[in-house]
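Visitor: Sequence first, predicted coordinates after that:
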Amino acid sequence: MSGTAAESRDVTILELLDRLVDRGVVLAGDITISVADVDLIFLGLKVLLTSVERAERLRWGLDVPMQNGAIDG
């Protein structure tokens, strides 16, 4: 071994959700419901999960997204 050990730390669901809401997450997906190979319903979803404070700052242009698409904060 190289002498440097990576520390592992347990992360609770609450901590994970806090980080996600603080930074903001965009979820996107498509659902198609078919019967006998006939498409009946198409549902396209785009969801933004973030705090109200962050959403308001984004709405008024106070937070500028970074070039890689992540929200700077």
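Guide: Perfect, I can see it now. Because the structure is predicted, anything quoted here is derived from the model rather than measured.
Visitor: Measure how far the one helix or strand Arg57 maps to is from the centre of its chain, please.
Guide: Following DSSP states H and E, one finds Arg57 within helix 52-59. Its chain's C-alpha centre and that of helix 52-59 lie 15 Å apart, by CA atoms, centre = their mean, to the nearest Å.
Visitor: Same question for it: list its buried residues.
Guide: 54, 57-58 (16 or more other CB atoms under 10 Å). C-beta: built from backbone N, CA, C; applies to glycine.
Visitor: Repeat that for stretch 8-25.
Guide: Buried, per 16+ other CB under 10 Å, within stretch 8-25: Gly24.
Visitor: bridging residues for the spatially most central residue of the chain?
Guide: Most central in the chain under CA atoms, centre = their mean is Val25, positioned 1.9 Å from the mean C-alpha point. With DSSP bridges as the criterion, Val25 is bridged to Leu49.
Visitor: That one contacts Lys46, doesn't it?
Guide: No: under the criterion of CB atoms under 8 Å, Val25 makes no contact with Lys46, lying 11.5 Å away.
Visitor: gap between Leu27 and Arg54?
Guide: Using CB to CB, to the nearest Å, Leu27 is found at 16 Å from Arg54.
Visitor: er, Gly24 I mean
Guide: Counting by CB to CB, the separation of Gly24 from Arg54 is 6 Å.
Visitor: same question, Ile33
Guide: Taking CB to CB, one finds Ile33 at 34 Å from Arg54.
Visitor: Span of stretch 43-62 from start to end?
Guide: Length of stretch 43-62, first residue to last, CA to CA, to the nearest Å: 32 Å.
Visitor: centre of the chain versus it, how much separation?
Guide: 10 Å.
Visitor: now the helices for this protein?
Guide: 13-23, 52-59 (DSSP state H).
Visitor: Now render these as JSON lines, adding mean pLDDT.
Guide: Output for these, formatted as JSON lines (pLDDT from 0 to 100):
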{"stretch": "helix 13-23", "mean pLDDT": "85"}
{"stretch": "helix 52-59", "mean pLDDT": "82"}
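Visitor: Among those helices, which comes closest to Asp37?
Guide: Smallest distance to Asp37 across these (CB to CB): 37.6 Å, for helix 13-23.
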